[in-house]
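S.K.: what would the 3D arrangement of this be:
(one chain, ligands or ions: 1)
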Amino acid sequence: MRPATYFPSFNDLTRSGAAQERFHREAAAAANAQFGRKVFVRAVVEVSNFCRQNCSYCGMRRENRELERFRADHEQLAEMILEHRPPSVTDLNIQAGEDPKAVRDVVVPLIRAIKRETNLGVSVCLGSLANDLYDELQAAGASIYILKFESGDRELYGKLESPGTFDERLARIRYLASRGWSVSSGFIAGLPEQTPAQMLASFRVANELPLDGCSVSPFIPGDETPLAESGSADIGVTLNSMAALLLMRPDWVIPAVSALNLAEPGSGYRRGLRTGANLVTINMTPAGMRDDYLLYKRERFIMTEEVILRAIEAEGLEPSEVGLAQYYATRRSHRSQLAVA
Ligand code: SAM
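M.R.: This is a model prediction of the structure:
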(Lines give C-alpha, C1' and ligand atoms only; values in the text may rest on other atoms or scores of the structure.)
Protein backbone atom coordinates (compact mmCIF):
# COMPACT_ATOMS: atom_id res chain seq x y z
CA MET A 1 0.00 0.00 0.00
CA ARG A 2 1.17 3.55 -0.75
CA PRO A 3 3.04 5.08 2.20
CA ALA A 4 1.44 8.26 3.52
CA THR A 5 3.42 11.36 2.66
CA TYR A 6 1.19 13.91 4.37
CA PHE A 7 0.05 14.05 7.98
CA PRO A 8 -2.12 16.94 9.22
CA SER A 9 -1.03 19.47 11.82
CA PHE A 10 -3.38 21.15 14.28
CA ASN A 11 -2.94 24.29 12.19
CA ASP A 12 -4.43 22.44 9.18
CA LEU A 13 -7.51 21.45 11.18
CA THR A 14 -8.20 25.01 12.32
CA ARG A 15 -7.61 26.82 9.01
CA SER A 16 -10.12 29.50 8.05
CA GLY A 17 -10.71 32.09 5.32
CA ALA A 18 -8.55 31.99 2.19
CA ALA A 19 -6.11 29.44 3.67
CA GLN A 20 -9.02 27.10 4.32
CA GLU A 21 -10.38 27.49 0.79
CA ARG A 22 -6.94 26.69 -0.65
CA PHE A 23 -6.66 23.64 1.60
CA HIS A 24 -10.08 22.34 0.50
CA ARG A 25 -9.24 22.93 -3.17
CA GLU A 26 -6.02 20.95 -2.73
CA ALA A 27 -7.98 18.07 -1.18
CA ALA A 28 -10.58 18.14 -3.96
CA ALA A 29 -7.78 18.04 -6.55
CA ALA A 30 -6.23 15.02 -4.80
CA ALA A 31 -9.59 13.19 -4.85
CA ASN A 32 -10.13 14.22 -8.45
CA ALA A 33 -6.74 12.83 -9.53
CA GLN A 34 -7.74 9.45 -8.10
CA PHE A 35 -11.48 9.24 -8.84
CA GLY A 36 -12.11 11.86 -11.56
CA ARG A 37 -15.28 13.92 -11.06
CA LYS A 38 -17.20 10.77 -10.11
CA VAL A 39 -19.08 10.21 -6.87
CA PHE A 40 -20.30 6.79 -5.70
CA VAL A 41 -24.04 6.66 -4.99
CA ARG A 42 -25.41 4.23 -2.42
CA ALA A 43 -28.75 3.89 -0.67
CA VAL A 44 -29.02 3.24 3.06
CA VAL A 45 -31.73 1.29 4.87
CA GLU A 46 -31.79 1.48 8.66
CA VAL A 47 -33.25 -1.84 9.71
CA SER A 48 -33.32 -1.84 13.54
CA ASN A 49 -32.91 0.73 16.29
CA PHE A 50 -32.47 -1.86 19.05
CA CYS A 51 -28.98 -1.41 20.45
CA ARG A 52 -27.09 -3.21 23.20
CA GLN A 53 -24.48 -0.44 23.36
CA ASN A 54 -24.71 2.79 25.33
CA CYS A 55 -22.60 5.36 23.43
CA SER A 56 -23.10 8.69 25.17
CA TYR A 57 -23.41 10.60 21.86
CA CYS A 58 -26.01 8.34 20.21
CA GLY A 59 -29.80 8.58 20.57
CA MET A 60 -30.21 4.81 20.08
CA ARG A 61 -28.15 4.01 23.24
CA ARG A 62 -29.77 1.28 25.27
CA GLU A 63 -30.58 3.61 28.18
CA ASN A 64 -32.79 5.82 26.02
CA ARG A 65 -36.21 4.62 27.18
CA GLU A 66 -38.04 7.33 25.19
CA LEU A 67 -37.36 5.59 21.90
CA GLU A 68 -39.91 3.32 20.29
CA ARG A 69 -37.80 0.37 19.14
CA PHE A 70 -38.38 -1.36 15.78
CA ARG A 71 -37.01 -4.16 13.60
CA ALA A 72 -37.90 -4.01 9.93
CA ASP A 73 -39.50 -6.82 7.94
CA HIS A 74 -36.94 -8.08 5.42
CA GLU A 75 -39.53 -9.04 2.79
CA GLN A 76 -41.06 -5.57 2.77
CA LEU A 77 -37.62 -3.98 2.59
CA ALA A 78 -36.53 -6.27 -0.24
CA GLU A 79 -39.66 -5.44 -2.23
CA MET A 80 -39.13 -1.71 -1.69
CA ILE A 81 -35.50 -1.91 -2.80
CA LEU A 82 -36.21 -4.15 -5.79
CA GLU A 83 -39.17 -2.09 -7.01
CA HIS A 84 -38.42 1.46 -5.93
CA ARG A 85 -34.68 2.09 -5.66
CA PRO A 86 -33.56 5.22 -7.51
CA PRO A 87 -31.78 4.45 -10.80
CA SER A 88 -28.51 6.15 -9.75
CA VAL A 89 -28.01 3.71 -6.84
CA THR A 90 -25.25 1.12 -7.37
CA ASP A 91 -24.79 -0.06 -3.76
CA LEU A 92 -26.91 -0.71 -0.70
CA ASN A 93 -25.73 0.07 2.82
CA ILE A 94 -27.57 -1.71 5.62
CA GLN A 95 -27.29 -0.03 9.01
CA ALA A 96 -28.66 -0.74 12.49
CA GLY A 97 -28.03 -0.33 16.18
CA GLU A 98 -25.95 -3.17 17.56
CA ASP A 99 -28.63 -5.86 17.35
CA PRO A 100 -27.48 -9.43 16.53
CA LYS A 101 -31.11 -10.61 16.31
CA ALA A 102 -31.78 -8.12 13.51
CA VAL A 103 -28.60 -9.26 11.77
CA ARG A 104 -29.83 -12.87 11.71
CA ASP A 105 -33.55 -12.25 11.14
CA VAL A 106 -33.51 -9.19 8.87
CA VAL A 107 -30.10 -8.40 7.41
CA VAL A 108 -28.90 -11.82 6.24
CA PRO A 109 -32.16 -12.71 4.41
CA LEU A 110 -32.32 -9.18 2.96
CA ILE A 111 -28.78 -9.46 1.56
CA ARG A 112 -29.57 -12.87 0.06
CA ALA A 113 -32.66 -11.47 -1.70
CA ILE A 114 -30.78 -8.42 -2.98
CA LYS A 115 -27.87 -10.46 -4.31
CA ARG A 116 -30.24 -12.96 -5.95
CA GLU A 117 -32.20 -10.27 -7.79
CA THR A 118 -29.77 -7.40 -8.46
CA ASN A 119 -26.15 -6.42 -9.16
CA LEU A 120 -26.08 -4.05 -6.20
CA GLY A 121 -22.95 -4.09 -4.05
CA VAL A 122 -23.71 -4.47 -0.34
CA SER A 123 -22.07 -2.75 2.63
CA VAL A 124 -23.10 -3.24 6.25
CA CYS A 125 -22.71 -1.07 9.34
CA LEU A 126 -23.91 -3.26 12.19
CA GLY A 127 -21.41 -2.86 15.00
CA SER A 128 -19.25 -5.27 16.98
CA LEU A 129 -20.55 -8.79 16.33
CA ALA A 130 -19.44 -12.38 16.89
CA ASN A 131 -17.05 -13.63 14.20
CA ASP A 132 -19.53 -16.24 12.90
CA LEU A 133 -22.06 -13.46 12.19
CA TYR A 134 -19.49 -11.54 10.15
CA ASP A 135 -18.95 -14.77 8.17
CA GLU A 136 -22.70 -15.22 7.63
CA LEU A 137 -23.01 -11.67 6.31
CA GLN A 138 -20.09 -12.23 3.96
CA ALA A 139 -21.45 -15.57 2.75
CA ALA A 140 -24.80 -13.87 2.03
CA GLY A 141 -23.00 -11.41 -0.27
CA ALA A 142 -21.92 -8.32 1.71
CA SER A 143 -18.35 -7.24 0.93
CA ILE A 144 -17.86 -3.89 2.70
CA TYR A 145 -17.96 -3.55 6.50
CA ILE A 146 -18.20 -0.11 8.08
CA LEU A 147 -16.90 -0.06 11.66
CA LYS A 148 -16.01 3.33 13.09
CA PHE A 149 -13.36 3.82 15.78
CA GLU A 150 -15.21 7.04 16.76
CA SER A 151 -12.17 8.68 18.42
CA GLY A 152 -8.48 7.88 18.03
CA ASP A 153 -7.90 8.57 21.72
CA ARG A 154 -8.20 5.52 23.99
CA GLU A 155 -9.25 7.54 27.04
CA LEU A 156 -11.89 9.59 25.21
CA TYR A 157 -13.25 6.42 23.57
CA GLY A 158 -13.83 4.95 27.05
CA LYS A 159 -15.29 8.18 28.44
CA LEU A 160 -17.82 8.27 25.58
CA GLU A 161 -18.89 4.69 26.43
CA SER A 162 -18.21 3.64 22.83
CA PRO A 163 -18.61 -0.11 22.15
CA GLY A 164 -16.31 -2.44 24.13
CA THR A 165 -12.78 -1.10 24.53
CA PHE A 166 -10.78 0.98 22.08
CA ASP A 167 -8.27 -1.84 21.57
CA GLU A 168 -11.08 -4.35 20.90
CA ARG A 169 -12.62 -2.03 18.32
CA LEU A 170 -9.32 -1.64 16.45
CA ALA A 171 -8.71 -5.40 16.67
CA ARG A 172 -12.13 -6.02 15.06
CA ILE A 173 -11.32 -3.65 12.21
CA ARG A 174 -8.07 -5.52 11.58
CA TYR A 175 -9.85 -8.86 11.86
CA LEU A 176 -12.49 -7.87 9.28
CA ALA A 177 -9.78 -6.76 6.84
CA SER A 178 -7.91 -10.05 7.40
CA ARG A 179 -11.11 -11.95 6.48
CA GLY A 180 -11.30 -10.28 3.07
CA TRP A 181 -13.77 -7.48 3.83
CA SER A 182 -13.19 -4.02 2.38
CA VAL A 183 -13.29 -2.01 5.57
CA SER A 184 -14.31 1.59 6.04
CA SER A 185 -14.03 3.27 9.41
CA GLY A 186 -14.71 6.74 10.75
CA PHE A 187 -14.42 9.19 13.57
CA ILE A 188 -16.42 12.04 15.04
CA ALA A 189 -15.04 15.58 14.69
CA GLY A 190 -15.64 18.26 17.31
CA LEU A 191 -16.39 15.97 20.27
CA PRO A 192 -16.98 17.97 23.47
CA GLU A 193 -13.79 19.01 25.27
CA GLN A 194 -11.59 17.33 22.70
CA THR A 195 -7.93 18.43 22.89
CA PRO A 196 -5.74 19.09 19.81
CA ALA A 197 -3.73 15.93 20.61
CA GLN A 198 -6.95 13.89 20.71
CA MET A 199 -8.03 15.32 17.33
CA LEU A 200 -4.70 14.40 15.75
CA ALA A 201 -4.81 10.92 17.28
CA SER A 202 -7.80 10.08 15.04
CA PHE A 203 -5.67 10.67 11.94
CA ARG A 204 -2.79 8.62 13.31
CA VAL A 205 -5.09 5.69 14.13
CA ALA A 206 -6.90 5.90 10.76
CA ASN A 207 -3.56 5.92 8.95
CA GLU A 208 -2.39 2.78 10.76
CA LEU A 209 -5.52 0.75 10.02
CA PRO A 210 -6.06 -1.46 6.92
CA LEU A 211 -8.87 0.69 5.48
CA ASP A 212 -10.40 1.45 2.08
CA GLY A 213 -12.33 4.45 3.32
CA CYS A 214 -13.00 6.61 6.35
CA SER A 215 -15.74 9.05 7.32
CA VAL A 216 -15.67 12.21 9.38
CA SER A 217 -18.99 12.91 11.14
CA PRO A 218 -19.49 16.27 12.81
CA PHE A 219 -20.48 15.83 16.46
CA ILE A 220 -24.16 16.76 16.79
CA PRO A 221 -25.54 16.86 20.36
CA GLY A 222 -27.98 13.98 20.16
CA ASP A 223 -31.53 14.37 21.51
CA GLU A 224 -32.16 12.13 24.52
CA THR A 225 -28.42 11.60 25.21
CA PRO A 226 -26.15 12.70 28.10
CA LEU A 227 -24.42 15.07 25.63
CA ALA A 228 -27.67 16.78 24.52
CA GLU A 229 -26.58 20.14 25.99
CA SER A 230 -23.09 20.19 24.39
CA GLY A 231 -22.26 22.36 21.39
CA SER A 232 -22.22 21.05 17.79
CA ALA A 233 -18.96 20.52 15.92
CA ASP A 234 -17.61 23.49 14.06
CA ILE A 235 -18.28 22.96 10.34
CA GLY A 236 -14.86 24.43 9.47
CA VAL A 237 -13.01 21.90 11.64
CA THR A 238 -15.16 19.08 10.21
CA LEU A 239 -14.48 20.04 6.59
CA ASN A 240 -10.79 20.63 7.36
CA SER A 241 -10.67 17.12 8.85
CA MET A 242 -12.21 15.70 5.66
CA ALA A 243 -9.70 17.62 3.55
CA ALA A 244 -6.83 16.40 5.74
CA LEU A 245 -8.00 12.78 5.37
CA LEU A 246 -8.23 13.14 1.59
CA LEU A 247 -4.72 14.56 1.44
CA MET A 248 -3.37 11.93 3.82
CA ARG A 249 -4.98 9.07 1.89
CA PRO A 250 -6.16 10.20 -1.58
CA ASP A 251 -6.95 6.56 -2.41
CA TRP A 252 -9.65 6.38 0.29
CA VAL A 253 -13.36 6.81 -0.27
CA ILE A 254 -14.62 9.60 2.00
CA PRO A 255 -18.41 10.09 2.29
CA ALA A 256 -20.33 13.35 2.46
CA VAL A 257 -22.42 12.58 5.56
CA SER A 258 -25.92 14.02 5.91
CA ALA A 259 -25.01 15.52 9.32
CA LEU A 260 -22.90 18.12 7.47
CA ASN A 261 -26.24 19.82 6.83
CA LEU A 262 -26.98 19.80 10.56
CA ALA A 263 -23.56 21.31 11.31
CA GLU A 264 -24.18 24.04 8.70
CA PRO A 265 -27.80 24.10 7.53
CA GLY A 266 -28.25 24.70 3.82
CA SER A 267 -24.61 24.50 2.74
CA GLY A 268 -22.61 21.98 4.83
CA TYR A 269 -23.34 19.05 2.55
CA ARG A 270 -22.39 20.85 -0.65
CA ARG A 271 -19.22 22.15 0.99
CA GLY A 272 -18.37 18.51 1.83
CA LEU A 273 -18.63 17.60 -1.85
CA ARG A 274 -16.60 20.67 -2.78
CA THR A 275 -13.86 19.49 -0.39
CA GLY A 276 -13.52 16.22 -2.33
CA ALA A 277 -15.99 13.78 -0.70
CA ASN A 278 -16.64 10.98 -3.19
CA LEU A 279 -19.53 8.97 -1.75
CA VAL A 280 -23.15 10.05 -1.21
CA THR A 281 -26.02 8.24 0.47
CA ILE A 282 -29.70 8.31 -0.44
CA ASN A 283 -31.92 7.44 2.52
CA MET A 284 -34.40 4.66 1.70
CA THR A 285 -35.51 3.83 5.25
CA PRO A 286 -39.33 3.66 5.17
CA ALA A 287 -40.87 6.87 6.56
CA GLY A 288 -42.62 5.09 9.44
CA MET A 289 -39.31 3.83 10.84
CA ARG A 290 -36.79 6.55 10.23
CA ASP A 291 -38.18 8.95 12.87
CA ASP A 292 -37.12 6.44 15.53
CA TYR A 293 -33.70 5.80 14.00
CA LEU A 294 -32.33 8.47 16.28
CA LEU A 295 -28.67 9.29 15.85
CA TYR A 296 -28.84 13.04 16.33
CA LYS A 297 -32.05 15.03 16.26
CA ARG A 298 -35.66 13.95 16.16
CA GLU A 299 -36.01 16.20 13.13
CA ARG A 300 -33.92 14.66 10.37
CA PHE A 301 -32.80 16.09 7.08
CA ILE A 302 -33.69 13.28 4.67
CA MET A 303 -31.38 12.89 1.69
CA THR A 304 -33.57 11.95 -1.27
CA GLU A 305 -32.22 11.15 -4.73
CA GLU A 306 -33.43 14.52 -5.98
CA VAL A 307 -31.59 16.48 -3.24
CA ILE A 308 -28.41 14.49 -3.76
CA LEU A 309 -28.30 14.59 -7.56
CA ARG A 310 -28.93 18.33 -7.45
CA ALA A 311 -26.03 18.80 -5.01
CA ILE A 312 -23.70 16.65 -7.13
CA GLU A 313 -24.55 18.51 -10.31
CA ALA A 314 -24.23 21.90 -8.66
CA GLU A 315 -20.67 20.99 -7.62
CA GLY A 316 -19.73 19.90 -11.17
CA LEU A 317 -19.63 16.20 -10.19
CA GLU A 318 -21.29 13.11 -11.69
CA PRO A 319 -22.74 9.91 -10.24
CA SER A 320 -20.39 6.96 -10.81
CA GLU A 321 -21.82 4.17 -12.96
CA VAL A 322 -19.34 1.82 -11.31
CA GLY A 323 -20.52 0.69 -7.90
CA LEU A 324 -18.39 1.03 -4.78
CA ALA A 325 -18.17 -2.72 -4.05
CA GLN A 326 -17.27 -3.28 -7.71
CA TYR A 327 -14.62 -0.57 -7.54
CA TYR A 328 -13.03 -2.08 -4.43
CA ALA A 329 -13.10 -5.59 -5.94
CA THR A 330 -11.41 -4.42 -9.15
CA ARG A 331 -8.80 -2.40 -7.24
CA ARG A 332 -8.09 -5.36 -4.97
CA SER A 333 -7.52 -7.68 -7.92
CA HIS A 334 -5.20 -5.12 -9.62
CA ARG A 335 -3.21 -4.81 -6.40
CA SER A 336 -2.85 -8.55 -5.98
CA GLN A 337 -1.78 -8.92 -9.63
CA LEU A 338 0.84 -6.21 -9.06
CA ALA A 339 2.02 -8.00 -5.92
CA VAL A 340 2.48 -11.25 -7.90
CA ALA A 341 4.23 -9.56 -10.87
N1 SAM B 1 -24.33 0.36 15.73
C2 SAM B 1 -23.42 0.30 14.62
C3 SAM B 1 -22.00 0.53 15.03
O4 SAM B 1 -21.71 0.67 16.21
O5 SAM B 1 -21.12 0.52 14.16
C6 SAM B 1 -23.91 1.16 13.51
C7 SAM B 1 -23.53 2.60 13.46
S8 SAM B 1 -24.07 3.67 14.74
C9 SAM B 1 -25.77 3.44 14.84
C10 SAM B 1 -24.01 5.09 13.80
C11 SAM B 1 -22.79 5.99 13.87
O12 SAM B 1 -23.30 7.30 13.98
C13 SAM B 1 -21.82 5.83 15.01
O14 SAM B 1 -20.81 4.94 14.67
C15 SAM B 1 -21.28 7.26 15.23
O16 SAM B 1 -20.08 7.46 14.54
C17 SAM B 1 -22.34 8.12 14.59
N18 SAM B 1 -23.03 8.96 15.58
C19 SAM B 1 -23.98 8.60 16.45
N20 SAM B 1 -24.38 9.64 17.20
C21 SAM B 1 -23.65 10.69 16.78
C22 SAM B 1 -23.61 12.08 17.15
N23 SAM B 1 -24.37 12.55 18.11
N24 SAM B 1 -22.77 12.90 16.47
C25 SAM B 1 -21.99 12.41 15.48
N26 SAM B 1 -21.98 11.13 15.10
C27 SAM B 1 -22.78 10.28 15.74
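
S.K.: from the middle of its chain, how far away would the strand or helix carrying residue 41 be?
M.R.: Element membership of residue 41 [criterion: DSSP states H and E] is strand 38-48. Distance of strand 38-48 from its chain centroid, counting by C-alpha atoms, centre = their mean, to the nearest Å, is 10 Å.

S.K.: okay, now the unreliable bits of the stretch 1-150 of the chain?
M.R.: Counting by pLDDT under 70, the stretch 1-150 of the chain contains low-confidence ranges at 1-4.

S.K.: get me the contact residues on it for the ligand.
M.R.: Residues of the stretch 1-150 of the chain found near the ligand, taking C-beta under 6 Å from any ligand atom as the criterion, are 57, 58, 60, 95, 97, 98, 125, 126, 127, 147, 148, 150. Just so you know, the C-beta spots here come from the backbone N, C-alpha and C atoms, and that holds for glycine as well.

S.K.: close enough to count as contact, the fourth one and residue 44?
M.R.: In other words, residue 95. Yes - between residue 95 and residue 44 there is a contact at 5.7 Å, judged by C-beta atoms under 8 Å.

S.K.: tell me where this structure has strands.
M.R.: For the chain, the strands defined by DSSP state E occupy 38-48, 91-96, 121-125, 144-146, 182-189, 213-218, 279-283, 318-319.

S.K.: parallel or antiparallel, list what pairs with the shortest one.
M.R.: Sheet pairing here is set by DSSP bridges, and for strand 318-319 it gives strand 38-48 (parallel).

S.K.: re earlier: would you point out the most distant pair within the residues of the stretch 1-150 of the chain next to the ligand?
M.R.: 57 and 126 (18.2 Å; C-beta to C-beta).

S.K.: need the longest helix for the protein.
M.R.: When the chain is parsed with DSSP state H, its longest helix is helix 17-35.

S.K.: mind giving me the packing neighbours of that helix?
M.R.: Packing partners of helix 17-35 (3 or more C-beta pairs under 8 Å, 6 or more residues apart in numbering; DSSP states H and E): helix 235-248, helix 268-274.

S.K.: turn these into a markdown table, including mean neighbour count, distance to residue 288 and mean pLDDT.
M.R.: Compiled in a markdown table, the helices and strands packed on helix 17-35 are given as follows (neighbours: other C-beta atoms under 10 Å; distance: least, C-beta to C-beta, whole Å; pLDDT from 0 to 100):
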| stretch | mean neighbour count | distance to residue 288 | mean pLDDT |
| --- | --- | --- | --- |
| helix 235-248 | 25 | 31 | 98 |
| helix 268-274 | 23 | 25 | 97 |
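
S.K.: what about the closest residue to residue 156 other than its chain neighbours, neighbour count?
M.R.: Leaving out its chain neighbours, the residue that sits closest to residue 156 by C-beta to C-beta, 6 or more residues apart in numbering is residue 198, at 5.5 Å. The local packing of residue 198 (other C-beta atoms under 10 Å) involves 17 other residues.

S.K.: how about residue 289?
M.R.: Other residues within reach of residue 289, judged by other C-beta under 10 Å, total 18.

S.K.: how about the nearest residue to it once chain neighbours are set aside, what does it touch?
M.R.: What sits nearest to residue 289 in space, not counting adjacent residues and going by C-beta to C-beta, 6+ apart, is residue 70, at 5.4 Å. By C-beta atoms under 8 Å, 6 or more residues apart in numbering, the contact set of residue 70 is 48, 49, 50, 289, 292.
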